[in-house]
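Undergrad: got a structure for you, letters missing:
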């Protein structure tokens, strides 16, 4: 998969390539992340990317010419990409959308700035994406969030089992995790995790995931289609509640 980020602050975004699983995935050829500086596609000596809005009003608007020049260059070298614009008025990023995007082979993410981009640039844009109902100073952080989220679903970037158990991927929040030591400050790891009984461990994990989801995200729980393991886990929860009553 190829992900390209178009920004006026490339140094701000470059760091996503330098750490963790994304860095390893790039080295192993699983993903290709390129950062492009929009200023390199300007025509004037000052590398101007913004101008005053027609009709007046506050702020500046990103000029169309650099974008048109960029896409002429990009398409001739790498083919037509799927184009994302980071925007507070876009579709809110969620797990299902991330999965859809991970099926694309060639993505360009435009980092919006100022009051927005010239509307004529929208001819290149396939989707606008927001990472939440708030406004940031620019689209670089959302572009990095989108890139990171998509990368997790690219085969070989992280273990498939890890992706399966992620929060939201099962329709539930994740279950609790523990590691050594077995006890610290009188806080113990649940005994079931040492039982060696994989069926019991699976039921316990699902029970904890269901409980956490009901407590913290009841909206997710109400959407969840219950399978047999879910039902067994809920029966255990019910028995525990009955016992404590």
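TA: Structure's in. What do you need? Computed from a prediction, not measured in an experiment: that's the story for all the values here.

Undergrad: Nearest the middle, which residue of the chain would you pick?
TA: Residue closest to the mean C-alpha point of the chain, counted by Cα atoms, centre = their mean, is residue 149 at 2.8 Å.

Undergrad: Helices of the chain, start to end?
TA: Along the chain, counting by DSSP state H, helices occupy 10-14, 20-27, 64-78, 95-101, 140-151, 160-164, 198-216, 218-223, 228-244.

Undergrad: distance between the third one and the chain's centre?
TA: Relative to its chain's centre, helix 64-78 lies at 25 Å (Cα atoms, centre = their mean, to the nearest Å).

Undergrad: just checking, what packs against it?
TA: strand 2-7, strand 106-110 (3 or more Cβ pairs under 8 Å, 6 or more residues apart in numbering; DSSP states H and E). The C-beta positions use only the backbone N, C-alpha and C, and glycine is treated the same way.

Undergrad: Kindly report the same for the last one.
TA: For helix 228-244, the elements it packs on are helix 198-216, judged by 3+ Cβ pairs under 8 Å, 6+ apart.

Undergrad: List the contacts of the helix it packs on.
TA: Identification of contacts with helix 198-216 by Cβ atoms under 8 Å, 6 or more residues apart in numbering yields 170, 172-176, 190, 192-193, 195, 220-221, 224, 229-230, 232-234, 236-237.

Undergrad: Mark which of the residues you listed are buried, thanks.
TA: Burial by neighbour count, judged by 16 or more other Cβ atoms under 10 Å, picks out 170, 172-175, 220-221, 230, 232-234, 236-237 from the contacts of helix 198-216.

Undergrad: For the protein, name the helix or strand with the lowest mean pLDDT.
TA: With mean pLDDT, DSSP states H and E as the measure, the helix or strand of the chain carrying the lowest mean pLDDT is helix 160-164 (a mean of 73).

Undergrad: Got the domain ranges for this structure?
TA: Per the record's domain assignment (automatic domain parsing), the chain is made up of the domains 2-161, 183-244.

Undergrad: from those, which stretch is densest packed?
TA: Using mean count of other Cβ atoms under 10 Å, the stretch among the domains of the chain with the largest mean neighbour count is domain 2-161, at a mean of 16.

Undergrad: need the longest strand for this protein.
TA: If you go by DSSP state E, the chain has its longest strand at strand 82-92.

Undergrad: Contact partners for residue 26?
TA: 17, 32-33.

Undergrad: Save the helices and strands packed on helix 64-78 as CSV, and put in mean pLDDT and distance to residue 161 too.
TA: Below are the helices and strands packed on helix 64-78 laid out as CSV (pLDDT from 0 to 100; distance: least, Cβ to Cβ, whole Å):
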stretch, mean pLDDT, distance to residue 161
strand 2-7, 98, 24
strand 106-110, 98, 26
